[in-house]
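Undergrad: No letters, just coordinates:
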């Protein structure tokens, strides 16, 4: 098996050496929010833990990731999907129930959003809440821009169907 | 009662969910106390042995027979340059086909992605050429074409395609290559090379008369030249005007024609199949159903494949056979059940049957039973339509009667690339007990069911 030598990573044009903790600190807040939208607040930390364990087990370090942000976003989505598949076989899977529901939020909309397929939910979150351009959403999800558009289209149809019942 | 304002309500819901996020832990809190040896580590000896065997069986004789080609030095390198090895695999961090019943779009081109070593590198498209294969390697913002030998074992970089674009589709005819690049869903560019990928120039595809923007999505090579399929839009991306094809005999001068009208919603051209006598454009319509639009005597006619199968059909691939067209996908039942790779892995399909859709010599569409298998990629090997489904390699005579050719235990297979009339390269990944994709590999499979691992590749991430 090929051994991966751990090399400090330098940003282009930057003398600062990135280490694991620096890379993680840079992205962790948006990753935990992303994971929360995908699997709910209780399981979000488990998802991040699974991502980090897998990366470290396979690579030994985060500094080998040439472009950590899209890699970590894709890894979170992948791990979230694995988590949801596992939890689907057990009771208690997250369905949109929140500890504190703000008064202007409709619970049925929250439930409908939470019940979107993960990739549709990811596309909706990154596009409509994070306001990211389609190309960036595609990069973070690891798919084509056209696929993101399709997820958004399917998500809108699904939400419309669910909420009109 | 409060009026439902879809987008604003959804935004509020997303904000409420996001607000419940716990405090992100520090890395030390997540880092496992002890890293248990994972399946990949436990398999390392097997992978090394497999590679050594493959090296002894294939690379050495190939090097002796083919001259001064340097043998691969690293497991996973398809090419001979150790600094830029080429790895055939599915990115383990790309999303898998949707497990929740979102049908169209659930199976993506990405499932046959081939990766270079290193995160952020990928090969988004690979195509057959007259003398082997061509693949686009994306590294950062640049895309380079690599040319592969006819046996798939020797690769070398040819030339740079584009900066900033992801090449989503490519076709080769002789020494002429046409590639489609996408920077965003609404921005795209086509490129042509007349010297096998060494140098490239942009193509100005003509804008359809009734559209303000257009997105070319698929290019295929035909006996007469190239055909590009795509969509046109009015003012925004969801306001479509139709499905279009662009044709060229040299890859430089192009004509456009409209093949179908799309009034509302979003469509995506999945594949273009040229049967010699006709061109068939396969696309997923905004209603979630698959359609085939076929050129017939100067006009275009639409066949709703969904009316053949009775329900939606995923659209992974089309392929010509001697007399017509085969189109394969998973048929989804009314309850929304969908055969997904994960469910199939568990041998617990949730519903629906799987069919191959054939257009016969009379032009009629027929659904053929694939014995419960859902090929996610199909290709033509001789007169046989072959495919991969989960860990199985499937074969059929002209797509009519399907059977299992071989099983590669403990894997999920992704892509099949024909080599000659009797054999094929199959790419895929080993899968651990938790359905986690691990070591990627390439197998050489023959029509008599012989399977030989030719490359064992540690996963990229």
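TA: Yep, it's here. Please read these numbers as outputs of a predicted model, since none were measured by experiment.

Undergrad: CA only for contacts and neighbour counts going forward, please
TA: Will do.

Undergrad: pLDDT score for residue 46?
TA: You didn't pick a chain, so chain A it is. Per-residue confidence at residue A:46 stands at 84 (pLDDT).

Undergrad: that's the wrong chain, I meant chain B
TA: Residue B:46 is given a pLDDT of 42.

Undergrad: Kindly report the same for the one 10 residues further on.
TA: Turning to residue B:56, the model gives it a pLDDT of 39.

Undergrad: Ok, the one 3 residues further on next?
TA: In this prediction, residue B:59 carries a pLDDT score of 38.

Undergrad: repeat for residue B:2
TA: pLDDT at residue B:2 comes out at 39.

Undergrad: swap in residue B:49?
TA: 40.

Undergrad: which stretches of chain A aren't confidently modelled?
TA: A:1-18, A:58-59, A:64, A:66, A:85-95, A:165 (pLDDT under 70).

Undergrad: if you set the cut-off to 50 instead, what comes out?
TA: Where chain A drops to pLDDT under 50, the residues are A:1-17, A:89-91.

Undergrad: all strands of it, in order?
TA: Applying DSSP state E to chain A gives strands spanning A:9-10, A:17-18.

Undergrad: And residue B:213, how far from residue B:254?
TA: In this view, residue B:213 and residue B:254 are 16 Å apart by Cα to Cα, to the nearest Å.

Undergrad: ok, residue A:21 - how many residues close by?
TA: 15 (other Cα atoms under 10 Å in any protein chain shown).

Undergrad: how about the nearest residue to it, chain neighbours excluded?
TA: residue B:27 (6.1 Å; Cα to Cα, 6 or more residues apart in numbering or on different chains).

Undergrad: which residues sit in contact with that neighbour?
TA: Contacts here follow Cα atoms under 8 Å, 6 or more residues apart in numbering or on different chains; on that basis residue B:27 touches A:20, A:21, A:24, A:25.

Undergrad: list the contacts for the closest residue to the last one other than its chain neighbours?
TA: Read that as residue A:25. Nearest in space to residue A:25, with sequence neighbours left out and distances taken as Cα to Cα, 6+ apart, is residue B:26 at 7.2 Å. Going by Cα under 8 Å, 6+ apart, residue B:26 touches A:21, A:24, A:25, A:28.

Undergrad: any low-confidence regions in the stretch 101-250 of chain B?
TA: B:101-121, B:185-186.

Undergrad: ok, residue B:414 to residue B:425 distance?
TA: 11 Å.

Undergrad: Please identify which of the two sits among more neighbours.
TA: A direct count of neighbours by other Cα under 10 Å for residue B:414 and residue B:425 places residue B:414 higher, at 26 against 21.

Undergrad: and the more buried one, that one's in a strand?
TA: Yes: assessed with DSSP: H, G, I helix; E, B strand; the rest coil, residue B:414 lies in a strand.

Undergrad: low pLDDT regions in the stretch 251-400 of chain B?
TA: Those would be B:309-317, B:320-325, B:329-354, if you go by pLDDT under 50 across the stretch 251-400 of chain B.

Undergrad: now do 90
TA: Where the stretch 251-400 of chain B drops to pLDDT under 90, the residues are B:261-400.

Undergrad: Which parts of chain A are helices?
TA: A:20-39, A:44-59, A:68-88, A:107-114, A:118-124, A:134-141, A:145-164 (DSSP state H).

Undergrad: helices or strands next to the helix or strand hosting residue B:385 in the packing?
TA: Residue B:385 belongs to strand B:384-389 when assigned by DSSP states H and E. If you count contacts as 3 or more Cα pairs under 8 Å, 6 or more residues apart in numbering or on different chains; DSSP states H and E, strand B:384-389 packs onto strand B:377-381, strand B:392-397, strand B:411-419.

Undergrad: Quick one: list the elements packing against the shortest one.
TA: Which is strand B:377-381. Packed next to strand B:377-381, using 3+ Cα pairs under 8 Å, 6+ apart, are strand B:317-320, strand B:384-389, strand B:411-419.

Undergrad: which residues touch residue A:73?
TA: Contacts of residue A:73 by Cα under 8 Å, 6+ apart are A:31, A:140, A:141.

Undergrad: residues contacting the first one?
TA: With contact set as Cα under 8 Å, 6+ apart, residue A:31 has these partners: A:48, A:72, A:73, A:76.

Undergrad: wait, what's in contact with the last one?
TA: So that's residue A:76. Contacts of residue A:76 by Cα under 8 Å, 6+ apart are A:31, A:34, A:35, A:47, A:48, A:51.

Undergrad: neighbours around the fourth one, how many?
TA: Residue crowding around residue A:47 was assessed by other Cα under 10 Å; the count is 27.

Undergrad: Quick check: the gap between it and residue A:113.
TA: 19 Å.

Undergrad: neighbours around the closest residue to residue A:114 other than its chain neighbours, how many?
TA: Excluding its sequence neighbours, the residue lying closest to residue A:114 (Cα to Cα, 6+ apart) is residue A:96, at 5.0 Å. Applying other Cα under 10 Å, we find 21 residues neighbouring residue A:96.
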